[in-house]
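In: Model the structure of this input:
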Amino acid sequence: MVGVCIMVISIVKTMSPGLTNYLIDKGLAIDSLLFMISALLSFSSIRIDNASETLERWAEIIFLLGLFSMTLITIIFSFEIV
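Out: Numbers count the residues shown, from 1 in each chain. Predicted coordinates for the structure are as follows:
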């Protein structure tokens with residue numbers, strides 16, 4: 001998912017500057033951080049025995065937040081809403 005964010009950021013960087021491109025660029029940068037944090041929490045839940053359920057729960061919540069924000073950014077990018 002981080003790779004998808006990076007690819008779209010590079011596509012947006014080649015376009016003419018504007019508010020929409022700025023928002024998409026920054027939104028996807030934050031989105032890629034969410035996916036990275038989710039992956040780290042998921043990995044940690046495998047390694048740490050006594051806190052695995054809590055870490056798994058947070059990993060799921062952050063991953064779903066990343067998916068939701070990526071969907072929202074995709075809609076903004078596709079229909080140029082902003």
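
In: drop to CA atoms for contacts and neighbour counts, all remaining ones
Out: Noted.

In: which intervals of this structure have sub-threshold pLDDT?
Out: Across the chain, the ranges flagged by pLDDT under 70 are 1-10, 12-13, 15, 81-82.

In: show me where it has helices.
Out: Per DSSP state H, the chain carries helices over the ranges 2-14, 19-47, 52-79.

In: most packed of those helices?
Out: For the helices of the chain, the largest average neighbour count (mean count of other Cα atoms under 10 Å) is found in helix 19-47, namely a mean of 18.

In: Mind giving me the packing neighbours of that helix?
Out: Identification of packing neighbours for helix 19-47 by 3 or more Cα pairs under 8 Å, 6 or more residues apart in numbering; DSSP states H and E yields helix 2-14, helix 52-79.

In: Setting aside sequence neighbours, what's the nearest residue to the residue nearest the centre of the chain?
Out: Centroid-nearest residue in the chain: Asp31, 2.3 Å away (criterion: Cα atoms, centre = their mean). Closest residue to Asp31 in three dimensions, ignoring its sequence neighbours and counting by Cα to Cα, 6 or more residues apart in numbering: Gly66, at 5.5 Å.

In: Wait, that neighbour touches Leu34, no?
Out: Yes: counting by Cα atoms under 8 Å, Gly66 touches Leu34, with 5.7 Å between them.
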